[in-house]
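S.K.: give me the fold of what follows.
(one chain, ligands or ions: 2)
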Amino acid sequence: KLKAVILIGGPHVGTRFRPLSLELPQPLFPIAGSPWLQHHIEAIVKHPDVREILLIGFYNQSQQMSRFVDDMQRKYGIPIRYLQEYAPLGTAGGIYHFRDQILRGNPRAFFVFNSDVCCDFPVWEMAQFHSNVTGGNGYVILGTEANEQQALSYGCIVEEPSTHKVLHYVEKPETFVSNIINAGGYIFSPDIFQHLTRAFTANYENELIHDAARDSIDLHSSVLTPLAGNGDGGKLYVYKMNSGFWTQVKNAGHAIYANRLYLSLFKERHPEYLATNTPGGHEIYGAVRIHPSAQIDSSAVLGPNVYVGAGVVIGAGARVREAIVLDRAVIQEHSCVLHSIVGWDCVLGAWSRIEGYPSDLNPNDPVAKITSESLFNLDGRLNPSITILGQGVSVHSELIVLNTVVLPHKELTSSYKNQIIL
Ligand code: GDD
Ligand code: GTP
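M.R.: Ligands and ions are numbered 1, 2, ... in the order given. So this is what the prediction gives:
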C-alpha cells in the first residue's frame, strides 16, 4: 500500500498569486480547465497501490475546499482529505504533526508533492525506483535538470551516479553546487519519521527558537541535508525525471505557462478535452479547451493554448491566444486577448485589446526554467508580465490594456500600460 501527501501551503504563501487568489485558494485555480491540484491527483491515482491522498496546508476549511475534495473523491474513487495545520508548520512540520493519519493502515511508503509545481508526475517510476533501487526502505527525491545559474533558486543535489545516492543536498545555494535540482516530489519509507522526530526534538531543545516556531520543521535543512552522504546509512536517493516538462508555479504570471504545459499533455492523455475545428464553427489553433457551456461566435479565432471557462461569451471576430478566460467572462466583438488571464465575470468591450508579455523560455537552453522574479523591478516599475484582470473587471470599448495587473471589480475607462491598478 502507498499513500500520498500534497503540501498545499496557505494564504500567506499565495500572496504572489494576487489578484486571483483573492477569490480562490491558489491550489484550486483552474489550469488547463482543471483545478490546479487535480493534475497532481490524476497522476497519483494512476498508481493502483495508492489508497489515500492527504492535502496538508494552512488554508481555513472553506466551502470551496470541501467541495473540491468531494468532487475529487467522487471522480477518482479514492479517499482524499484536507488536513489543516493550526499554523504554518513548514515543509515537514505538517507531515510530522499528521503522522498518525499518514501511517494509518501501514503504507509501505508515501509520496510527498509540492502543490506549486507543474509536471507529468512520474508516480509509477518513482515507486518502481523506490522498490528496486533503494530496496524499498530508502528515501527518494524527484530530481530534474537546470542550468548553472537557475539551479541556485532551487534545492541542489549532488548524486553518486552509479548508485543514485545523494552525496550532498544544499537548499538554494549561493554558488554553484549541481545541475540536478529538487523537483518538489518525494517518496519516503515510514522510517523517515525517526528523522522528523529528531528534528522536532532538536527544535524543542533549542532555546533560541520561540514557542510559536517550535512545531515548524524545514524538510530541507532538518532532514534532507543531514540525510545526504552517509546519514542513516546512505538511504537518500535521487530519481531524475528523464523526460517531459517541469516548472514551478509561484505567481499568477506563471499560470499561462503552466496552462500551456498541461494543455499539451492533454493532447496525449485527454484528447477528448480539446476543441477541434468543425465546419462553419469558430476557428481553433493548437490546444484549446472550451467549457461546453461557453458560447463562441463562429467568426472568433481561438488558440493556441487557451482555456475558456463555463458560461463565457465570445463575440464575432474576437481573437484569443495564450490565455485563460474564467467563468462567465464576456469578450465582445473584435476584442483581442493575448497572453492574459481574464478573471471571472469580466466584461471586455468591443475592439478592446488585452495583451501581456509572453512568458517564454530561452529556446537555446533545453533545461531553462521560468524565473520567479518579483512583480516590480528595482525602479519600482512592473516587470514584463502577462496581463491579469481580477474578478468582475470591466474594460470599455476600444481600450488597450498592456502588461497590467488589475484588481477585482475595477472599471477601466482609459487605456493602461505597465501598471498595477489597485
Ligand atoms: N502544509 C504546508 N505548511 N505547506 C507548506 C508550508 C507550510 O508551512 N510552507 C510551504 N509549503 C508548501 C508550499 O505550498 C509548496 O508546495 C511546498 O511546500 C514548498 O514550498 P516552499 O517552502 O516555498 O519551497 P520552494 O518552493 O521555494 O522550494 C521547494 O520546491 C522547489 C521545487 O519547486 C524546495 O523543495 C526546493 O528544494 C525545490 O527545488
Ligand atoms: P507570432 O507571435 O510570431 O505568431 O506573431 P503574431 O503577429 O501572429 O502574434 P501576435 O501575438 O501579435 O498575434 C496573435 C494573433 O492575434 C494573430 O493571429 C493576430 O492575427 C491576432 N491579432 C493580433 N492583434 C489583433 C487584434 O487587434 N484583433 C484581432 N481580432 N486579432 C488580432
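
S.K.: dump the residue contacts of the residue in the stretch 151-300 of the chain positioned nearest to ligand 1.
M.R.: Nearest residue of the stretch 151-300 of the chain to ligand 1: Gly155, at 2.3 Å (CB to the nearest ligand atom). To be clear about C-beta, it is placed using only N, CA and C from the backbone, and glycine gets the same treatment. By CB atoms under 8 Å, 6 or more residues apart in numbering, the contact set of Gly155 is 141, 169-172, 181-182, 220, 224.

S.K.: what's the nearest residue to the one residue sitting closest to the centre of the chain if we skip its chain neighbours?
M.R.: Centroid-nearest residue in the chain: Asp116, 3.3 Å away (criterion: CA atoms, centre = their mean). In space, and not counting its chain neighbours, Asp116 is closest to Val249: 5.2 Å by CB to CB, 6 or more residues apart in numbering.

S.K.: I'd guessed the one you found sits against Cys118; true?
M.R.: Yes. Using CB atoms under 8 Å, Val249 is in contact with Cys118, at 5.3 Å.

S.K.: Glu23 reaches Asp327, doesn't it?
M.R.: No. Between Glu23 and Asp327 there is no contact under CB under 8 Å: 10.7 Å.

S.K.: next, show the common contact partners of the two.
M.R.: Counting by CB under 8 Å, 6+ apart, the residues touching both Glu23 and Asp327 are Trp344.

S.K.: so how many other residues sit close to Pro30?
M.R.: Residues near Pro30, counting by other CB atoms under 10 Å, number 21.

S.K.: right, I mislabeled it, should have said Lys1
M.R.: 12.

S.K.: surely it meets Arg104?
M.R.: No. Using CB under 8 Å, Lys1 is not in contact with Arg104; the gap is 10.5 Å.

S.K.: quick one: the helices in the stretch 201-350 of the chain?
M.R.: 219, 225-227, 255-269 (DSSP state H, counting those that start in this stretch).

S.K.: same question, the stretch 1-150 of the chain
M.R.: For the stretch 1-150 of the chain, the helices defined by DSSP H, counting those that start in this stretch cover 36-45, 63-76, 90-97, 99-103, 123-132.

S.K.: ok, back up a step: now list whatever residues contact both of Val249 and Cys118.
M.R.: Common neighbours of Val249 and Cys118 (CB under 8 Å, 6+ apart) are 31, 258.

S.K.: quick one: residues contacting the residue of the stretch 51-200 of the chain found nearest ligand 2.
M.R.: Nearest residue of the stretch 51-200 of the chain to ligand 2, counting by CB to the nearest ligand atom: Cys118, 22.6 Å away. By CB under 8 Å, 6+ apart, Cys118 lies in contact with 31, 39, 245-249, 258, 261-262.

S.K.: quick one: it from His334, how far?
M.R.: Computed as CB to CB, to the nearest Å, the Cys118 to His334 distance reads 33 Å.

S.K.: can you list the residues of the stretch 301-422 of the chain near ligand 2?
M.R.: Neighbours of ligand 2 within the stretch 301-422 of the chain, by CB under 6 Å from any ligand atom: 317, 319, 321, 334, 336, 338, 353.

S.K.: go ahead and confirm Phe111 touches Ile44.
M.R.: Yes. Here Phe111 reaches Ile44: they are 6.7 Å apart, a contact under CB under 8 Å.
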